[in-house]
Structure formats: structure tokens, C-alpha cells
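Student: Requesting a structural model of the entry that follows:
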Amino acid sequence: MNNAIEARGLCKKYGSFTLKDVSFDLPQGYIMGFIGPNGSGKTTTIKIILKMIQGDAGAIRLFGADSAAAGNDRIGVVMDTPLYVDDWTAAGVGRALAPFYSRWDAGSFADYLRRFGLEPQKKVKELSRGMKVKLQIAAALSHEAKLLILDEPTSGLDPVARDEICDLLHEFVADENHSVLFSTHITSDIEKTADYITFILSGGISFTGPKDALLEKYVRVAGGPGDLTAEQKRLVVGLRAHETGFEGMAETANIGKLPGNVVAEKISLDEIVIFMNREAKSNG
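Tutor: Take a look at the predicted model:
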């Protein structure tokens with residue numbers, strides 16, 4: 001299987017924050033959700049991939065080659081806030097970007113503006129947040145990009161707008177040569193769209209692989225007060241005790257080691273992030 005992104009040993013120190021040995025592969029033809037709490041290192045990693053900042057160590061390969069050889073045409077970028085001049089019109093954005101891409105297709109850009117309901121003469125500052133995201137997507141899809149990198153594009157959008165963007169990503173990867181790295185803290189969008197997950201926590205990778213493998217690895221557990229021995233408590237990730245009992249997360253393989261009256265339920269990505277983050281904080 002060919003990879004769109006190969007990240008190996010990425011490191012970067014910012015004051016008290018350190019990105020530590022971040023490594024993962026994004027196979028071509030798939031969507032990878034890049035998840036983790038705010039401040040965990042998602043944006044730093046993306047900026048290293050895009051060469052917006054220089055990492056202290058590590059290497060990036062895009063489409064099997066050094067990232068410097070990938071070229072602008074093959075990568076489309078959608079950030080949470082567009083780096084466009086507020087007084088540019090939607091059509092003017094296309095004219096401003098065209099010189100930077102050897103494969104810019106003005107006709108395709110105009111088609112996407114119509115499809116997304118973007119008025120060509122409307123200024124960037126007059127667009128809603130959702131429309132600004134769609135304008136970036138229109139630009140990203142108008143130069144034959146093979147890889148889309150999205151950094152929190154659905155943050156602050158209503159469910160309808162988020163659903164439309166998720167549908168666009170599915171449409172994009174219908175071409176098996178296309179891939180998406182989708183960074184967001186809205187895990188419901190990731191559960192809906194992603195094939196693979198990379199979970200980053202406190203600057204390090206906690207999991208990378210197929211989404212289903214992560215969801216099958218853990219279960220949500222709950223029980224009454226005094227149900228767990230000290231040894232069994234160590235099997236519960238993100239354990240929170242309260243007056244009526246406890247809750248947390250356990251590896252599916254460890255369920256047999258817990259009391260039979262402990263309730264084990266299917267877990268969501270959101271809960272995995274919460275329990276992992278709680279565990280990391282409790283361990284200091």
C-alpha cells in the first residue's frame with residue numbers, strides 16, 4: 001500500500017511544550033482523523049508537514065518522496081481561519097492563488113463557487129465561517145490536489161455545514177489516489193468520516209492505525225463503590241470514582257480480569273480522548 005504521508009520521529013520544542021517522536025503513515029485513498037485535546041500537538045505536526053515551521057528532528061515523506069519534492073499542486077490546505085485578505089472577493093481569491101499552482105483550473109474553481117453557493121463578488125470578510133471553509137475547499141480542489149490537509153475546519157460550524165464538509169471528503173477519496181489528513185477535536189465528525197486514526201496526547205502518539213481497531217481495543221466500564229481491588233483499579237484508564245461508584249475505560253482484553261458485575265459498554269472516540277487525557281493528567 002502506498003502512503004500519502006510518512007512521518008518519522010518528528011520533534012519540536014516550544015518553551016514548556018515538546019512534540020516527541022511523532023510517527024505515523026497515511027495510506028493513499030483513505031481519510032485519517034488526527035485527534036487529541038487542544039494543545040496536544042496537532043497543529044504543530046501539521047505545520048511541520050507543510051514546512052510552515054522547521055522541526056528539531058525527524059523526516060516527512062509525501063507520496064514516497066521527500067516533502068520538498070511534493071510541490072504545491074499535490075497538496076490542498078484548509079485551516080480554521082483562511083489566510084486571505086478580507087477585502088478580496090471570492091473570485092479574487094482564485095486570481096490571487098492561480099500563480100502559485102502550475103495546475104490551477106479557473107473553470108473548476110468557478111464551478112466550485114457555484115456548487116457551494118459562493119457569490120463571486122462577495123468579499124471574504126462578508127462570508128460566514130462555514131462559507132470561508134468552503135471557499136478554502138474550493139481553492140484546495142482546483143489545482144488537482146491529491147492530498148487534503150485540514151486543521152480544525154469544522155470548529156464552530158453547525159451540524160448541517162459539518163455534514164456537508166464530511167460528505168465532500170468522502171467524495172474526494174472516492175478516487176483511490178486521494179487522501180485526507182483531518183485534524184479536529186470534534187470526534188463525531190471523525191467517527192463519521194475517518195478510516196484511520198492518529199491520536200496525539202501531550203506531544204506524543206498514543207495510537208495510530210485503523211479506526212475500528214481503536215474502538216475495539218477499549219470499552220467503557222462502570223460499577224459500584226468498592227467493586228474494584230487496588231490491582232483492578234490499575235486496569236481502568238481515566239478512572240473516576242464518585243459516591244455511587246466509578247467509571248473509566250479498560251482494554252477489551254482485560255475485561256475478564258474485572259468483577260463480573262462491572263458493566264462494559266461500547267465506547268466512543270470522544271470518551272477515549274477524555275479518559276486518556278484524564279489518565280495523563282493523573283500521572284502528572
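Student: Quick check: Trp88 touching Gln121?
Tutor: No - contact criterion Cβ atoms under 8 Å: Trp88 and Gln121 do not qualify, at 10.8 Å. Placement of C-beta: from N, CA and C, glycine included.
Student: More neighbours: which of these two?
Tutor: Trp88 (18 against 9; other Cβ atoms under 10 Å).
Student: who touches that one in this structure?
Tutor: Ala96, Lys123, Val124 (Cβ atoms under 8 Å, 6 or more residues apart in numbering).
Student: Can you list the neighbours in contact with stretch 181-190?
Tutor: 4-5, 26, 31-38, 42-43, 46, 49, 147-155, 162, 165-166, 169, 193-194, 197, 211, 268-270, 273.
Student: And stretch 214-229, end to end?
Tutor: Start-to-end span of stretch 214-229 (Cα to Cα, to the nearest Å) is 27 Å.
Student: do the same with stretch 231-248
Tutor: First residue to last in stretch 231-248 (Cα to Cα) measures 15 Å.
Student: Once you drop chain neighbours, what's closest to Lys122?
Tutor: Leaving aside its sequence neighbours, Lys122 sits nearest to Ala90 (Cβ to Cβ, 6 or more residues apart in numbering; 5.6 Å).
Student: Find the residue closest to the spatially most central residue of the chain in space, skipping its chain neighbours.
Tutor: Centroid-nearest residue in the chain: Ser183, 2.1 Å away (criterion: Cα atoms, centre = their mean). Using Cβ to Cβ, 6+ apart and skipping the chain neighbours, the partner closest in space to Ser183 is Phe34 (4.0 Å).
Student: who's in contact with that neighbour?
Tutor: Lys42, Thr45, Ile46, Leu181, Phe182, Ser183, Thr184, Thr198, Ile200.
Student: related to what we said a few turns ago, drop anything exposed from the contacts of stretch 181-190.
Tutor: Among these, those classed as buried by 16 or more other Cβ atoms under 10 Å are 4-5, 26, 31-37, 42-43, 46, 49, 147-154, 162, 165-166, 169, 193-194, 197, 211, 269, 273.
Student: quick revisit: hang on, the residue nearest to Ser183 is in a helix, isn't it?
Tutor: No - assessed by DSSP: H, G, I helix; E, B strand; the rest coil, Phe34 does not belong to a helix; its assignment is strand.
Student: which residues sit in contact with the closest residue in space to His178 that isn't next to it in sequence?
Tutor: Nearest non-adjacent residue to His178, counting by Cβ to Cβ, 6+ apart: Phe172, 5.2 Å away. By Cβ under 8 Å, 6+ apart, the contact list for Phe172 reads Leu141, Leu148, His178, Val180.
Student: Please repeat the previous calculation with a cut-off of 10 Å.
Tutor: By Cβ atoms under 10 Å, 6 or more residues apart in numbering, the contact set of Phe172 is Ile31, Gly76, Ile137, Ala140, Leu141, Ala145, Lys146, Leu147, Leu148, His178, Ser179, Val180.
Student: Let's see which of the contacts of stretch 181-190 end up in strands.
Tutor: Secondary structure from DSSP state E places 4-5, 26, 31-35, 147-151, 197 of the contacts of stretch 181-190 in strands.
Student: Throw these into a markdown table and include pLDDT, thanks.
Tutor: Shown next, in a markdown table, are these (pLDDT from 0 to 100):
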| residue | pLDDT |
| --- | --- |
| Ala4 | 95 |
| Ile5 | 96 |
| Leu26 | 97 |
| Ile31 | 97 |
| Met32 | 97 |
| Gly33 | 96 |
| Phe34 | 96 |
| Ile35 | 94 |
| Leu147 | 96 |
| Leu148 | 96 |
| Ile149 | 96 |
| Leu150 | 94 |
| Asp151 | 92 |
| Ile197 | 97 |
